[in-house]
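Q: Starting from these lines, generate the structure:
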Amino acid sequence: KKNAEKAKRALDKLAETVERGENFFPTLLGAVGVCSLGQITGRLQEVVGRFRPMV
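A: Reported below is the predicted structural model:
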């Protein structure tokens, strides 16, 4: 439970930083320590959407 709460806080902070248009790299590095790659990419997709290349 403790780790789940840390992960939630890190993902929330990451999402807020991205939404404000700020440099999110430092926040991303912090999230990597407590979140999985899937959690991070999932949250970023919620905020900015998913890249779909034009064919």
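
Q: Only C-alpha atoms from now on, for both contacts and neighbour counts.
A: OK.

Q: shaky segments in the chain?
A: Along the chain, the parts satisfying pLDDT under 70 run over 1.

Q: one more time with 90
A: 1-3, 50-55 (pLDDT under 90).

Q: Any idea how far the lengthiest helix in it is from the middle of the chain?
A: Scanning the chain for the helix with the most residues, using DSSP state H, yields helix 2-19. Computed by CA atoms, centre = their mean, to the nearest Å, the separation of helix 2-19 from the middle of its chain amounts to 7 Å.

Q: If you count contacts, what does that helix end up packed against?
A: Judged by 3 or more CA pairs under 8 Å, 6 or more residues apart in numbering; DSSP states H and E, the packing partners of helix 2-19 are helix 25-32, helix 37-48.

Q: and the residue nearest to residue 40 when sequence neighbours are not counted, how far is that from residue 5?
A: Excluding the flanking residues, the one nearest residue 40 by CA to CA, 6 or more residues apart in numbering is residue 11, at 6.8 Å. According to CA to CA, to the nearest Å, residue 11 and residue 5 sit 10 Å apart.

Q: neighbour-wise, which of those two wins?
A: Taking neighbours as other CA atoms under 10 Å, residue 11 and residue 5 compare with residue 11 leading, 25 against 11.

Q: can you tell me which residues contact that one?
A: Applying CA atoms under 8 Å, 6 or more residues apart in numbering to residue 11 gives the contacts 31, 35, 39-40, 43.
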